[in-house]
Each structure stands twice: as C-alpha cells, then as structure tokens.
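Participant: coords please:
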Amino acid sequence: MTPPLYIAMRFLVHRKRALLLSLAGVVFGVAIFIGTQAQTQGFAKYFIDSSLGSNGAVIVRSRFRPRSPML
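Facilitator: Next comes the predicted model:
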C-alpha cells in the first residue's frame, strides 16, 4: 500500500462519524438535486405541451390584398 493511500485510509477509519456524516450529506444533496431536476423538466414538458395544445387568445391572419392583379 502506498503511503498516501495508507494515510488516507487511516484518517477515514479513525474518524468514522465524520465520514458517515459527510457521506450522508453528499447522498442527501445529490438526491435533492436529482429530484429538483426531474420536477423542473416535468414542469417544462407540461408547460410546452399545454401551450402548444391549446388555442391561443390571439389569431393572426393575413389581410393583404394586392391593388392590381399580378400579370
């Protein structure tokens, strides 16, 4: 075992409570991030689908009529 790995393992084994608390914090933070991203993407998909699927309040029509017929 290399000296840096030995020192790291000795530090982790010695401070078990700090290791578990840090690991729990990282796991909780990643879970919250994943949940937030899923909710945001779901809302964006719902918003786009509802906007494209409904009739708009404003209808734009072309009323251009040339003055003389085209030759």
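
Participant: use CA for all of it now, contacts and neighbours both
Facilitator: Fine.

Participant: who's in contact with residue 32?
Facilitator: When contacts are counted by CA atoms under 8 Å, 6 or more residues apart in numbering, residue 32 is found next to no other residue.

Participant: tell me the secondary structure at it.
Facilitator: Remark: residue 32 carries the secondary structure label helix [criterion: DSSP: H, G, I helix; E, B strand; the rest coil].

Participant: where's it relative to residue 14, distance?
Facilitator: 29 Å (CA to CA, to the nearest Å).

Participant: for burial, what's the neighbour tally of residue 12?
Facilitator: The number of residues packed around residue 12, counting by other CA atoms under 10 Å, is 14.

Participant: helix/strand/coil for residue 61?
Facilitator: Under three-state DSSP, residue 61 falls in the coil class.

Participant: tell me how many other residues crowd it.
Facilitator: Residue 61 sits with 6 neighbouring residues when counted by other CA under 10 Å.
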